[in-house]
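Q: Sequence and predicted structure are below.
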Protein chains: 2
Amino acid sequence: MHNQQIILASRPEGWVTPENFKLIEAEIPTPGPGQVLIKNHWLSLDPYMRGRISEAKSYARGVNIGELMVGNTVGEVIASHSPEFAVGDAVLAACGWQLFAAMDARAVTKINTHQVSPTAYLSVIGMPGITAWTGLIDICQPKEGETVVVDAASGAVGSVVGQLAKLRGCRVVGIAGGQKKCAYVLNELGFDACLDHRSPDFAAELALALPNGIDCLFENVGGAIFEQLLTHMNVFSRIALCGMVSEFNREPHAYRTLRSILINRIRVQGFIVSDHLETWPAIRESLYALVVDGRLKYRESVVEGLVRAPEAFVGLLKGENFGKQLIKLT
Amino acid sequence: MHNQQIILASRPEGWVTPENFKLIEAEIPTPGPGQVLIKNHWLSLDPYMRGRISEAKSYARGVNIGELMVGNTVGEVIASHSPEFAVGDAVLAACGWQLFAAMDARAVTKINTHQVSPTAYLSVIGMPGITAWTGLIDICQPKEGETVVVDAASGAVGSVVGQLAKLRGCRVVGIAGGQKKCAYVLNELGFDACLDHRSPDFAAELALALPNGIDCLFENVGGAIFEQLLTHMNVFSRIALCGMVSEFNREPHAYRTLRSILINRIRVQGFIVSDHLETWPAIRESLYALVVDGRLKYRESVVEGLVRAPEAFVGLLKGENFGKQLIKLT
């Protein structure tokens, strides 16, 4: 039995390609004192990883060439040198893109999989769900009857943003790429409207869908969509700036609508969810209860095999996934 | 004795010109019940007025063609139908660009001119000073040792921002147009550095002046300067977006550096000071005390005669004034 790892082979220039990564064979590590050995079953792929493999300054230390790719994983303990973990425990950890990892016990979270699927800890009650809660509830603070807009609406973060906003009594407008995603957002997730940003009439459709403007914007995409959304913001509106994935592979977008921030006295807050670790347990508990109650739906896009993680990651950055992108490792 | 008024004659296309205004003769109004008749001595010219004469949406109702120009004034009561005012009282009101006005008593503020000049109520302890306090103290919340940057640093707002930041123990870097203004900001106002944005080496000088980046940015100007300042912002920094005067007379600037808001988790708050009228009395009291103590300096740029208000206003928008722009009416 061997370990397999995916390392960064080269930095992308523009679009990421599978050739930027390399699968290598490695020894299964031996856990040291206080450590557990984890066999990973699921790897989460997330847009933030694009920032980590870039030369440009991002919000976290980057992955160097030759280093293991970072990522959150769900797996089981197969050997434990910690009194807090037993063999067989289901756990969440940031093991990276590999099959086995020895981790300090304090960096590992035991998960309860009796009522929710283990993969939910990588999506709706994991980092993406907590991101959605932080940006919408803590930063945007939507009030009943307000209009909330979220782009990448069918994704792991956007889908939770919109459902939470509906639960708060807001009118929710999603933006997604393609009719299939829009139909899901509208019919399955229960948004009030969802617009396909690829539509040639997107600008007109957006104006029609926003008769009362935007009070809260949860921004994942950036670029031309964000530039346009800025012109629909209401007085005293709020923007949680969570991502600008459209800029990852291109020259920075040139935004011509910043005056709206002044005119409408908008509050814009850039954030990343790991700045607020102290809030995670309470938020996870709230999300967990909503999932168990069936009030928070989620969708997964599963690719089998670590070897296919690079191509799945490229697809994620191009918006080809549909729901939370996961790699099934075993 | 007649009244004189300046009305909006036409909307500017691009730069404002004196021809956009017209001086007319008018009757001196008769104050009604509960009103006072004011003879204005001083008219304040402020950048926000540019927004009021524009077709584009701004934050307040615009001035229509043929209507009196809006503006704050300091004068004296010459007839009173209100028990709260006596003839001879020095008062602050928004009488607009005219010599005489009948105003409801509740829209008039009696001012104390024993220890400060009446014109201070139009600058350092008036709307500009309160704007500075609101943006710096309430929105940016600077901490001792942090770096604060303000552009239009020699102006009525910027000069107060920088001095308040110095009083809070911050390192303060100003940006102004021309060596003369920079020398004033540095030597008279006591900023730690002041950069001339017209310098051909502005970008390099800015980087040198900001070895520890920017924690608080008080933004008055917008455009290329703001775009560049965004690249120097620190993690968890704050921006009070108070004005974008550089955009008034041009096509909107295209900002290519918005990603900094995300990467550095910046909070940006657009604001106008009249949204926070409930905070004005306490702020004015604090500013008044600082002026009386000699801890807050200010400078005025006085033009004599209502007839010259249009050209002075054009100069203000071009940055030709040096300190608070006032019109001496009598």
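A: That came in fine, so what should we check first? This one's a predicted model, so the numbers in the text were calculated from it and none came from an experiment. Numbering: from 1, shown residues only, chains lettered A, B, ... in the order given.

Q: So which residues of the stretch 51-200 of chain A form strands?
A: Here the stretch 51-200 of chain A has its strands, by DSSP state E, counting those that start in this stretch, at A:73-80, A:90-93, A:100-104, A:109-110, A:147-151, A:171-176, A:193-196.

Q: The closest residue to chain B within the stretch 201-330 of chain A - nearest residue in space that isn't next to it in sequence?
A: Nearest residue of the stretch 201-330 of chain A to chain B: A:Ala254, at 3.4 Å (CB to the nearest CB). The C-beta positions use only the backbone N, C-alpha and C, and glycine is treated the same way. With CB to CB, 6 or more residues apart in numbering or on different chains as the measure, B:Ala254 is the residue that lies nearest to A:Ala254, at 3.4 Å, once sequence neighbours are left out.

Q: Doesn't A:Asn40 belong to a strand?
A: Yes. With DSSP: H, G, I helix; E, B strand; the rest coil as the criterion, A:Asn40 is located in a strand.

Q: check contacts around it.
A: With contact taken as CB atoms under 8 Å, 6 or more residues apart in numbering or on different chains, A:Asn40 is in contact with A:73-75, A:95, A:98-101, A:329-330.

Q: Quick check: A:Leu164 vs chain B, distance?
A: A:Leu164 sits 21 Å away from chain B, taking CB to the nearest CB, to the nearest Å as the criterion.

Q: any idea how far the closest residue to that residue other than its chain neighbours is from A:Cys194?
A: By the measure of CB to CB, 6+ apart, the closest residue to A:Leu164 outside its immediate chain neighbours is A:Leu136, 5.4 Å from it. Note on A:Leu136: its distance to A:Cys194, by CB to CB, to the nearest Å, is 17 Å.

Q: By mean pLDDT, flag the weakest helix or strand of chain A.
A: Across the helices and strands of chain A, the lowest-confidence element by mean pLDDT, DSSP states H and E is helix A:48-52, at a mean of 91.

Q: got the contact list for that one?
A: Outside helix A:48-52, the residues that reach it (CB under 8 Å, 6+ apart) are A:16, A:58-63, A:69-71, A:243, A:245, A:248-249, A:272, A:313, A:317.

Q: quick one: buried residues of the longest helix along chain A?
A: Ranked by residue count, the top helix of chain A under DSSP state H comes out as helix A:280-292. Taking 16 or more other CB atoms under 10 Å in any protein chain shown as the neighbour-count basis, helix A:280-292 is seen to contain the buried residues A:280, A:283-284, A:286-288, A:290-291.

Q: Kindly indicate which of those lies nearest B:Leu43.
A: Proximity of the buried residues of helix A:280-292 to B:Leu43 was ranked by CB to CB; the top entry is A:Ile283 with 53.9 Å.

Q: How about the contacts made by the residue of the stretch 201-330 of chain A closest to chain B?
A: When contacts are counted by CB under 8 Å, 6+ apart, A:Ala254 touches B:254-256.

Q: Centre-most residue in chain A?
A: When CA atoms, centre = their mean is applied to chain A, the residue found nearest the centroid is A:Pro128 (4.0 Å).

Q: Hmm, A:Glu249 is touching A:Trp15, no?
A: Rather than Glu, residue A:249 is Asn. Yes. The pair A:Asn249 / A:Trp15 is scored as a contact, 4.7 Å apart, by CB atoms under 8 Å.

Q: between those two, what contacts are shared?
A: Common contacts of A:Asn249 and A:Trp15 (CB under 8 Å, 6+ apart): A:Leu317.

Q: More neighbours: those two, which one.
A: The residue with more neighbours, out of A:Asn249 and A:Trp15 and counting by other CB atoms under 10 Å in any protein chain shown, is A:Asn249; that gives 15 against 12.

Q: can you tell me how far that one sits from A:Ser54?
A: Where A:Ser54 is concerned, A:Asn249 sits at a distance of 10 Å (CB to CB).
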